[in-house]
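*Asks:* output the structure for:
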Amino acid sequence: MSIYLINGQYVFNEGKKELKTLNNGTNIRLTTMRARCLSFIIEHANDDVIEKSAISYALWGARSTFTSDASLTQTLYLIRRDLKTLGLDELFITVPKSGIRVNSSITIDVIHEKIPKTKSVYTSLYLGLFLILLLTGIGVYFAIAI
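*Replies:* Numbering: from 1, shown residues only. Purely as a prediction, here's the structure:
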């Protein structure tokens, strides 16, 4: 999971689902839903507008069509409240009838990136298994041949 440095003094750790300040060590644990929402917002920080429908889909998947705007509004409110508790105001700004956008005056840097689950991660594992099977087959062949 990624770890982000926000405005040089706030850290959001996706894996631990926590926000903390570097200057005084204040720490806030987020619910899974709020952490997922904040992750989505940060990952789309460079978008002009992050559409409400996109955020809803990221949070609730196919069920988002049955989820009210009030649920998303509440989640965004709680994230804003958590950020404000740390001293970070207006990380994101509401764009009426569209969604939100991340405040351009706030910097977000990746401290530690997610390790993507790709085929290359498993390549060495598959290669090792192949070699074990190959050597076992050769051993069996010579055991029978002798």
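
*Asks:* number of nearby residues for the residue nearest to residue 45 when sequence neighbours are not counted?
*Replies:* With sequence-adjacent residues excluded and distances taken as CB to CB, 6 or more residues apart in numbering, residue 45 is closest to residue 102, at 4.1 Å. (Glycine included, C-beta is placed from N, CA and C.) Applying other CB atoms under 10 Å, we find 20 residues neighbouring residue 102.

*Asks:* which residues touch the residue positioned nearest the centre of the chain?
*Replies:* Nearest residue to the geometric centre of the chain (CA atoms, centre = their mean): residue 39, 4.2 Å. Residues near residue 39 by CB atoms under 8 Å, 6 or more residues apart in numbering: 2, 12, 14.

*Asks:* and if we set it to 6 Å?
*Replies:* Residue 39 sits next to residue 14 when contact means CB atoms under 6 Å, 6 or more residues apart in numbering.

*Asks:* now it, what's its secondary structure?
*Replies:* Under DSSP: H, G, I helix; E, B strand; the rest coil, residue 39 falls in the helix class.
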